[in-house]
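A.B. asks: sequence first, predicted coordinates after that:
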Amino acid sequence: MANLTYIPTLLASVQSYNASKNGDRVMKGWVDSPNQRGTIDIIWSCITTLAICCWVMLHLNVPAKNDNLWTLFLRRARWLMLALLSPELVMLFACGQWASAQRSVADMHSLGYQNWTMIHAFYADMGGFLLHPPDCKSFPITAKQVHYLVQQRYLPVPKITGKEIWDKSKADMFAKTVAGFQAAWLVAQVIARGIKHLSVTLLELSTVALITCTGAALFFWFNKPLNVETPTNLKLEFSVAEILVRAGDTAEAPFHDTPLDFVEGNLYTSGQMPFASCWGVQERPLPRIPNDRDSRLHSLRIILIVAVPTASFSLLHLIGWNFDFPTREEQMMWRWTCISMGIILGIGCFAEAISIVWDGYTTSALTNLGGYKLRWPSNLLFFIPGFLYMSARLIVIVEIVISLRLLPPGCFEVVQWSQLLPHF
């Protein structure tokens, strides 16, 4: 009988459970997601955007025949690191290659070869044509050297079509589309946060700034084949010795990269930069065309083209002038570093323009002066600002990383898109 006293309590518990269970089944309308995001969400969004954009942006040259997978991986890793540390430098190389390709198309069209396109020119300058002379080792030839050999009737125009070249390319439109959407989404997020007066992190701001340079590099490399693994072989009937003899005095100097260096002059070889041999290919003739080979086709037009995304990269960092920093000292360091970056870039562009206008930083003038290596006084105008700029860039990166330890509460709020998008 004593156990019967627990029956009312048991019935009450069952009724309470059923009521709770039925309450869970009540249908609800639209429920907003939590208005928060975590630090890991911010980091992950920016890191994935940076990685995808930099990976898709890089259009490296054709590797050498003996390059193994580890060599290719390290080479790409170095260029990915350079793209993160100094995206403007990668963009400058891309712009130089674009200018060289434009010159090549104009030169070949002047000879009557209207089927020579930007794809052919890029393919040549990236080491896509491997010349096989009868008297020496094979070596890659640039677009300018192709033009010379065709003009002098040493070689017929390569018969490969633009479509055939593009078939050799590993251009992944899906990856580029994903990168485009990822970059657009991050930019839209930052703009929306500004409209809603929500805090933006330095990492997000720097990522948006880097997107401007990667986008410009992609524009310059739009017609450059991607990840081509094997070149097109061209058989040369004439010996290199015969070509050099016919070239006369211009081909008397020993070559630095390939026997056809004289076609473009010393300014186009990798030897123009005193530190190039530390990182470049040691074998001669070159088995491949280095990725950092600068065409030196600099002009006021090129400077103006490059200056726009470069200035945008620096100015976007200045948006963080009044951001909340963990300490006042870090805020002042950010301000002075961003100002220094802008000033150094301005000095670099100004020095480049002065070199073009004043001492003839052009093909003919450099050749007459004996090349790039003999102009150390004016070279200091580029090397010293370059060193200072890289130092400032490293400080900015360190500031971005350490700022994540303390962020204002507004950084963790998410954008309510329903309040921004028009609705009826």
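C.D. replies: Sure, I can see it.
A.B. asks: quick one: terminal-to-terminal distance for stretch 292-307?
C.D. replies: One end of stretch 292-307 to the other measures 20 Å (CA to CA, to the nearest Å).
A.B. asks: ok, stretch 158-176 next?
C.D. replies: 30 Å.
A.B. asks: contacting residues around it?
C.D. replies: 52, 55-56, 115, 117, 119-120, 123, 128-129, 146, 218, 225-230, 232, 234 (CB atoms under 8 Å, 6 or more residues apart in numbering). From N, CA and C alone the C-beta is placed, and that goes for glycine too.
A.B. asks: which ones among those are found in helices?
C.D. replies: Among the contacts of stretch 158-176, the ones falling in helices (DSSP state H) are 52, 55-56, 119-120, 123, 146, 218.
A.B. asks: among those, who's most crowded?
C.D. replies: Y123 (30 neighbours; other CB atoms under 10 Å).
A.B. asks: which residue packs closest to E204, ignoring adjacent ones?
C.D. replies: In space, and not counting its chain neighbours, E204 is closest to V190: 5.5 Å by CB to CB, 6 or more residues apart in numbering.
A.B. asks: before we move on, the earlier item: I'd like the ones in helices among the contacts of stretch 158-176 written out as a markdown table, with pLDDT and distance to T337 added.
C.D. replies: A markdown table is the format used below for the ones in helices among the contacts of stretch 158-176 (pLDDT from 0 to 100; distance: CB to CB, whole Å):
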| residue | pLDDT | distance to T337 |
| --- | --- | --- |
| I52 | 88 | 27 |
| W55 | 86 | 27 |
| V56 | 85 | 29 |
| I119 | 94 | 41 |
| H120 | 94 | 43 |
| Y123 | 95 | 40 |
| V146 | 93 | 45 |
| L218 | 90 | 27 |
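A.B. asks: could these be laid out in TSV, adding distance to A183?
C.D. replies: Rendered in TSV, the data for these read as follows (distance: CB to CB, whole Å):
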residue	distance to A183
I52	8
W55	12
V56	10
I119	25
H120	30
Y123	27
V146	35
L218	10
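A.B. asks: now flag whichever of those residues is closest to I305.
C.D. replies: I305 has its nearest neighbour among those in L218, at 14.3 Å by CB to CB.
A.B. asks: verify the stated contact: that closest one with L58.
C.D. replies: No: with contact defined as CB atoms under 8 Å, L218 does not count as touching L58 (9.8 Å).
A.B. asks: packing partners for the helix or strand hosting L345?
C.D. replies: If you go by DSSP states H and E, L345 is part of helix 328-357. Applying 3 or more CB pairs under 8 Å, 6 or more residues apart in numbering; DSSP states H and E, we find helix 328-357 packed against helix 300-318, helix 376-403.
A.B. asks: could you say which one of those comes nearest to D67?
C.D. replies: When those are compared by CB to CB, helix 376-403 sits nearest D67, at 27.6 Å.
A.B. asks: doesn't V414 make contact with A192?
C.D. replies: No: using CB under 8 Å, A192 makes no contact with V414, being 9.8 Å away.
A.B. asks: any idea how far the nearest residue to G348 once chain neighbours are set aside is from M341?
C.D. replies: Leaving aside its chain neighbours, G348 sits nearest to P385 (5.1 Å; criterion: CB to CB, 6+ apart). Taking CB to CB, to the nearest Å as the measure, P385 falls 10 Å from M341.
A.B. asks: how near is V146 to G410?
C.D. replies: V146 is 57 Å from G410, by CB to CB.
A.B. asks: which regions of the protein sit below the pLDDT cut-off?
C.D. replies: Residue ranges of the chain with pLDDT under 70: 1-35, 171-172, 265-283, 294-300, 351-353, 355-382, 418-424.
A.B. asks: hmm, try it at 50
C.D. replies: Residue ranges of the chain with pLDDT under 50: 1-2, 6, 10-11, 14, 17, 19-23, 266-278, 361-375.
A.B. asks: between P385 and M341, who's got more neighbours?
C.D. replies: M341 (22 against 18).
A.B. asks: isn't the more buried one up against L316?
C.D. replies: No: counting by CB under 8 Å, M341 stays clear of L316, with 11.0 Å between them.
A.B. asks: circling back to that earlier point, check the ones in helices among the contacts of stretch 158-176 and tell me the two furthest apart.
C.D. replies: Pairwise over the ones in helices among the contacts of stretch 158-176, using CB to CB, the maximum falls at I52 and V146, 34.3 Å.
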